[in-house]
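Turn this into a structure:
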Amino acid sequence: MAQGKDDEVKPLLSYRGHSRLEAGDLDSHRTLTDPLYGLSRPKRRAACTAIITTEMFERLAFYGLTANLVLFLNGDPFTWLSYEAANTLLIFLGITYMCSVLGGWIADTMLGRFKTILISFIIYICGTVLLILVGCASWEYSKDKLDHTFLVTLCGGKQKCPLSTAAPIGPLGATTSTNGTTMGMVTLEPDIPDCARQHYCGKVILPALFLIAVGTGAIRSNLSPFGADQVKYEGPEVMRMFFNWFYWAINVGSFIAIGAVVCIQQNLNFFYGYLITGIALVMSTLVFVFGRMFYLSKKPMGSVLTNTRKIIGEACRRRKQRRRLYVRQDSDQVLRSNPNPSFLDMAKTRFGGSFHESMVEDVKALGKVILVFIALIPYWAVYFQMQTTFLIQGLHMRFSMKSSINHTVPDCTNASSTDTHQHVFPDIPDIPKDENFQIPPAWLTLFDIIVVLILVPVMDRIIYPRMDKSGWNLTHLRRIAIGMVFSTMAMVAAGVLEVFRIQKILSDGYCIHMRAGNTNYFAADLWVFCQIPQYTLIGISEVFTSVAGLEFAYSQAPRSMQGLIMGLFYMAMGLGSFLSSGILTLLAVPGISWLSTQDLGNINFGHFSYVFFLFAGIQVLALIIFTIAIFMYEKNQRVSSSSVAPISPTRESQRLHVQRGQVSRGSSIDG
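Numbering: from 1, shown residues only. Down below sits the predicted model:
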């Protein structure tokens, strides 16, 4: 750990007359007042406090901006189709996680962590300011729908949609298409008018979200390692304490955002909510900058990602030489001892490559980790439904503290009974915002957070140790599979709830009038808290799959690759978000139309329950493939461990060396 000390830059507060300590003398010379590598321990802890506070405010800003984004885009005055609002959030999340990899690479190769984080905050603030301006325009529109000068100035004029022609009503709320074919419960229009696809104000909203994604992605990949750099010479206990507090700050920030900011957005307006997140982001930036006097920074030393790319590139270029090695019969002693060099072996110096053997072996160790992360992509596609389709479903359920039974809409599963816009109720006055307190459907996300906060320490301190003592072999891969089971159950629970929600509307014969922000929704007279099981199951799945996946990656990868492992983990999450977005887009294509394009994506039309069941089926398929892979992997592990029966004395030392290497890296899945 002391090898990087010469690359460290002293903070602004330096101490003259004190020389830096060698790494081996830390334990005998560290005190509360003596400087440690140019910085005393109290000031180094002050640096950690600044970083933890920075993370708390940044997470508050991030979740305050995104938790209700689907409602913001689907509502007045923007009125994006509901599934396209969900797609926008999914693509935004995908870009965010992809930028985490890019941000880490830039910090490692060019700018260093401090400069990268600072520049990312500036980009982040620019995007947030744009979104605050859009929120201000929305607020102006909600106050006076006849005078919205600022909205038109910022976003331009808006094309109005003509009234659509409804199909004849079939039995039991079913409707028929214009050619007489029954289309289920509701009319499904094959053509979406251009006015519904215009993405009003998208020229401001989309660039704002892109800037936020770039900024928060780079901060995510650099802030926690930057904090770890401050305490890396103080021992593993201090390091573990830092990460515990860092994780606590993430959850506190997200809890405040979802518990308070989201409530303000829905019950007052989005402008106030986004303004609060903007203030939190500025505070986060200021705390980070003011903490500079305490920070210990490192100069960029190059990225493992760059070396990995070069090794793979050289192996590709030398693949012809590898084929020739297979057919040579007069190889020298080195080649006879290694008759079948692998693809990456061709980058080693011993086979004519340019890289040391240990570097190539480190890259080879990434293979099994990458396969696990690929298997997690469908899981992340399911996981992100919590922030998109779950929220859309909740907006079509009762989330008022008081019953809205006096504000009902008959036959709301049929397009002929409504205007083209679900946010406008003909002949029904708007419910004043101060009449009923609206429970934000995004609040249900808190159940996921609570489950994670409770189960992680319980599993780590109680369940897993007891299982180990009783002989139960719950390996990392098996825990990942268990998490996939729970995520499948969450999707099934959401699908069953959606079927029951539609049946409730049909049996009652009416919808209730729910208002969220500036937007009115046709909702079933069914409590939104019926969604608690699906959010809880997603939280349980996260405890198993997400945590175990990261633990497996760190246990299998060499120490030099752990930073790259985190980048690949984020990349898998981003790919899962993109996969989810692609699926939702496909399901809205005419001919499938499970996601309705009528009434701005009102889910009372279409087959929204099928969406949840499809995601459950995708997760089941991934689970089956993953289970087969686990079986084959563990079988190979048993065969390799039993194939060392009689060992010659000349190979005994080599066998012991290999076993010690496996234990030290945690490569045995049963360990």
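
Is the most centrally placed residue in the chain within a helix or a strand, and which one?
The chain has residue 573 as the residue nearest its centroid, 5.4 Å off, counting by Cα atoms, centre = their mean. Under the criterion of DSSP states H and E, residue 573 resides in helix 562-587.

Mean confidence (pLDDT) on that helix, please.
Across helix 562-587, the average pLDDT comes to 88.

How about stretch 244-260?
87.

what are the phi and psi values for the closest residue to residue 108 other than its chain neighbours?
Among residues not flanking residue 108 along the chain, residue 303 sits closest, at 3.8 Å (Cβ to Cβ, 6 or more residues apart in numbering). C-beta here means a position set from N, CA and C on the backbone, and glycine is covered the same way. In terms of degrees, to the nearest 10, the main-chain angles of residue 303 are phi -110, psi 140.

my guess is residue 303 contacts residue 102, does it?
No - with contact defined as Cβ atoms under 8 Å, residue 303 and residue 102 do not form a contacting pair (10.8 Å).

and residue 311, what does it touch?
344, 347, 355, 359-360, 363 (Cβ atoms under 8 Å, 6 or more residues apart in numbering).

Save these as TSV, and put in distance to residue 591, secondary structure and neighbour count too.
TSV is the format used below for the contacts of residue 311 (distance: Cβ to Cβ, whole Å; DSSP: H, G, I helix; E, B strand; the rest coil; neighbours: other Cβ atoms under 10 Å):
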residue	distance to residue 591	secondary structure	neighbour count
344	45	helix	21
347	49	helix	26
355	52	strand	18
359	52	helix	21
360	50	helix	26
363	45	helix	23
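
which among the residues you listed gets closest to residue 284?
Distances from residue 284 to those, taken as Cβ to Cβ, are shortest for residue 363 (36.1 Å).

measure that closest one to residue 53 for me?
37 Å (Cβ to Cβ, to the nearest Å).

Could you do residue 390 as well?
Plainly put, residue 390 is 31 Å away from residue 53 if you go by Cβ to Cβ.

for residue 75, same thing?
Going from residue 75 to residue 53 by Cβ to Cβ gives 33 Å.

higher neighbour count, these two?
The neighbour comparison of residue 75 against residue 53 (other Cβ atoms under 10 Å) goes to residue 75, with 26 against 17.

So for stretch 485-502, what gets flagged as buried?
Neighbour counts over stretch 485-502 (16 or more other Cβ atoms under 10 Å) mark 485-495, 497-498, 501-502 as buried.

Show me how far that stretch is from its chain's centre.
Centre-to-centre, stretch 485-502 and its host chain are 21 Å apart (Cα atoms, centre = their mean, to the nearest Å).

ok, now stretch 439-448?
A distance of 17 Å separates the centroid of the chain from that of stretch 439-448, by Cα atoms, centre = their mean.

End to end on it, go ahead and measure it.
17 Å (Cα to Cα, to the nearest Å).

Can you name the residues in contact with it?
Outside stretch 439-448, the residues that reach it (Cβ under 8 Å, 6+ apart) are 67-68, 71, 255, 258-259, 262-263, 265-267, 386-387, 390-391, 394-395, 397, 399-401, 516, 528-529, 531-532, 535-536, 538-539, 542.

May I see the buried residues of it?
So, applying 16+ other Cβ under 10 Å, buried residues of stretch 439-448: 439-448.

Using CSV, list the CA coordinates for stretch 523-538.
Output of stretch 523-538 as CSV, limited to C-alpha atoms (Å, rounded to 0.1, in the frame of the first residue of the first chain):
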residue,chain,number,x,y,z
ALA,A,523,-57.5,5.1,-10.9
ALA,A,524,-59.0,2.0,-9.4
ASP,A,525,-60.5,2.4,-5.9
LEU,A,526,-57.7,0.2,-4.6
TRP,A,527,-55.1,1.3,-2.0
VAL,A,528,-51.6,2.0,-3.5
PHE,A,529,-50.2,0.2,-0.4
CYS,A,530,-51.2,-3.0,-2.2
GLN,A,531,-47.9,-2.6,-4.0
ILE,A,532,-45.9,-3.2,-0.8
PRO,A,533,-45.3,-6.9,-1.5
GLN,A,534,-43.7,-6.3,-4.9
TYR,A,535,-41.4,-3.5,-3.5
THR,A,536,-40.5,-5.7,-0.5
LEU,A,537,-39.6,-8.7,-2.8
ILE,A,538,-37.4,-6.5,-4.9
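
From the chain's centroid, how far away is that stretch?
From the chain centre to the centre of stretch 523-538 is a distance of 22 Å (Cα atoms, centre = their mean).

can you tell me the average pLDDT over stretch 68-77?
Per-residue scores along stretch 68-77 average to 88.

What of stretch 90-108?
For stretch 90-108, the mean confidence score works out to 90.

likewise stretch 513-531?
Mean pLDDT, stretch 513-531: 85.

and if you look at stretch 476-492?
pLDDT averaged over stretch 476-492 gives 94.

that older thread, pull out the buried residues from the contacts of stretch 439-448.
For these, buried by 16+ other Cβ under 10 Å: 67-68, 71, 255, 258-259, 262-263, 265-267, 386-387, 390-391, 394-395, 397, 399-400, 516, 528-529, 531, 535-536, 538-539, 542.

can you map out the strands along this protein?
Listed in chain order, the strands of the chain (DSSP state E) span 8-9, 35-36, 39-40, 297-298, 397-398, 408-410, 510-516, 519-527.

residue contacts, the closest residue to residue 447 other than its chain neighbours?
Spatial nearest neighbour of residue 447, excluding adjacent residues (Cβ to Cβ, 6+ apart): residue 535 at 4.3 Å. The contact partners of residue 535, by Cβ under 8 Å, 6+ apart, come to 386, 390, 444-445, 447-448, 490.

Relative to residue 380, how far out is residue 535?
From residue 535 to residue 380 the distance is 16 Å (Cβ to Cβ).

Can you name the residues in contact with stretch 280-287?
For stretch 280-287, contacts defined as Cβ under 8 Å, 6+ apart pick out 50, 53-58, 60-61, 64, 118, 121-122, 124-125, 128.

Go through those residues and flag which are in helices.
Among the contacts of stretch 280-287, the ones falling in helices (DSSP state H) are 50, 53-58, 60-61, 64, 118, 121-122, 124-125, 128.
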